[in-house]
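Trainee: quick one: sequence and predicted model below, then my questions.
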Amino acid sequence: MPPVFAHGRLRLYLLKLLDEAPRHGYEIIRQLEERFQGLYAPSAGTVYPRLAKLEAEGLVTHTTEGGRKVYSITPAGRAELADRQGELAELELEIQDSVSALAADIREDVRGAAGDLRREMREAMREAREATAAERSGDYLAGAREEWRRAKEEWREQARRAKEESRRARQDAQRARRQAREAQDHAREEVLRIKERVQEQVREHTRKGDWPSGLAEGVNALARELGSLAGQTRGPAREHPPTPEWATADDAFSKNPARDLDRLLDRFRDEIRDTARDHGVTPGQLAEIRARLAETAAHINQTLGGDAP
């Protein structure tokens with residue numbers, strides 16, 4: 001089978017993975033294994049030397065967290081990635097072809113092993129028949145029959161083991177699906193509790209007449225809670241991002257709440273557009289942002305539609 005990555009292709013794909021998010025070496029290996037649907041995973045001896053070379057070239061850098069190196073792409077790395085977008089698109093197609101080729105090889109190996117076993121069984125049967133015809137000794141015939149009996153038992157045992165392994169694989173898959181459903185249910189419950197807590201905070205400020213502070217605190221609290229929930233469900237916790245300056249600036253509020261809300265929304269939109277223009281947006285990021293915007297919009301609409309102080 002040809003190599004999974006052609007010369008220089010793994011280097012380019014490492015830059016792509018680090019452009020998506022900072023990662024440590026084990027996480028990079030796991031991401032590559034997921035991209036290949038579990039059919040291929042590079043060794044540490046393949047990944048770490050290339051990361052070191054990229055760092056020596058100034059395309060990536062690293063920090064140490066919990067005794068492990070966490071690699072991040074540098075501006076120079078992003079520039080090279082942008083220059084090679086055409087190659088990157090070709091590489092994605094090559095990965096798809098590699099996954100198909102690996103799956104075909106595995107199927108061929110399974111068919112070959114089954115064919116070899118059938119041939120061995122036929123050969124054993126033929127030898128037993130020939131021995132029976134050539135030898136008239138009752139003891140030899142009994143021995144041949146015993147050999148044939150043992151061969152059948154071995155075949156049955158192999159079939160039983162294969163059936164048991166298939167049953168365990170189905171049980172593991174069912175267990176994984178059940179755990180995923182439980183995690184989703186837990187996440188939905190957490191979101192509902194978060195919305196109730198944040199809504200109560202905003203209403204408390206509103207009842208006290210502090211409308212601007214209530215709105216700003218509600219938006220910030222919702223972002224912090226959702227960020228904390230995302231960290232619990234998707235992996236190691238991340239530090240909360242700092243509150244934007246426009247959300248707490250002295251000139252953010254005046255005596256006209258409706259005009260202040262328009263200004264806040266304009267500043268929010270401008271900041272998100274600038275960040276997206278600088279770093280780009282992936283389909284996965286867009287899906288997550290859409291879900292968070294929907295939650296935030298529902299919460300703010302409910303706050304604005306509540307009883308006025």
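Mentor: On my side now, so go ahead.

Trainee: what average pLDDT does the lengthiest helix in the chain get?
Mentor: Once the chain is assigned using DSSP state H, the helix that runs over the most residues is helix 138-207. Here helix 138-207 scores 77 as its mean pLDDT.

Trainee: now do it: which elements does it pack against?
Mentor: Contacts defined by 3 or more CB pairs under 8 Å, 6 or more residues apart in numbering; DSSP states H and E place helix 138-207 against helix 85-134, helix 211-234, helix 283-304. C-beta here means a position set from N, CA and C on the backbone, and glycine is covered the same way.

Trainee: any idea which of those helices scores lowest on pLDDT?
Mentor: Within the helices and strands packed on helix 138-207, confidence is poorest for helix 211-234, with a mean of 60 (mean pLDDT).

Trainee: quick one, the longest helix of the chain and helix 283-304 angle?
Mentor: Here helix 138-207 points in a direction 40 degrees away from that of helix 283-304 (axes from the mean of the first three to the mean of the last three CA atoms, to 10 degrees).

Trainee: domains in this protein, as residue ranges please.
Mentor: 9-101, 194-304 (automatic domain parsing).

Trainee: just send those domains back as JSON lines, with mean neighbour count and distance to residue 158 too.
Mentor: As requested, the domains of the chain are arranged in JSON lines below (neighbours: other CB atoms under 10 Å; distance: least, CB to CB, whole Å):
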{"stretch": "domain 9-101", "mean neighbour count": "15", "distance to residue 158": "25"}
{"stretch": "domain 194-304", "mean neighbour count": "14", "distance to residue 158": "41"}
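
Trainee: go through these and name the closest to residue 125.
Mentor: The closest of the domains of the chain to residue 125 is domain 9-101. By CB to CB, the value is 36.3 Å.

Trainee: quick one, what contacts residue 121?
Mentor: By CB atoms under 8 Å, 6 or more residues apart in numbering, the residues touching residue 121 are 151, 155.

Trainee: roughly how far does it sit from residue 155?
Mentor: Distance of residue 121 to residue 155, computed by CB to CB, to the nearest Å: 6 Å.

Trainee: kindly report the same for residue 146.
Mentor: Taking CB to CB, one finds residue 146 at 15 Å from residue 155.

Trainee: between the two, who's got more neighbours?
Mentor: residue 155 (15 against 10; other CB atoms under 10 Å).

Trainee: roughly how far does the more buried one sit from residue 142?
Mentor: From residue 155 to residue 142 the distance is 21 Å (CB to CB).

Trainee: again, but for residue 96
Mentor: As judged by CB to CB, residue 96 and residue 142 stand 58 Å apart.

Trainee: residue 266 too?
Mentor: The gap separating residue 266 from residue 142 is 95 Å, by CB to CB.

Trainee: do the same with residue 27
Mentor: For residue 27 relative to residue 142 (CB to CB), the value is 62 Å.

Trainee: again, but for residue 159
Mentor: Note on residue 159: its distance to residue 142, by CB to CB, is 26 Å.

Trainee: residue 36 too?
Mentor: In terms of CB to CB, residue 36 sits 54 Å off from residue 142.

Trainee: with residue 46 instead?
Mentor: Distance, residue 46 to residue 142, by CB to CB: 57 Å.

Trainee: for residue 288, same thing?
Mentor: As defined by CB to CB, residue 288 lies at a distance of 72 Å from residue 142.

Trainee: next: residue 26.
Mentor: 59 Å.

Trainee: kindly report the same for residue 83.
Mentor: As judged by CB to CB, residue 83 and residue 142 stand 78 Å apart.

Trainee: what of residue 79?
Mentor: Distance, residue 79 to residue 142, by CB to CB: 80 Å.
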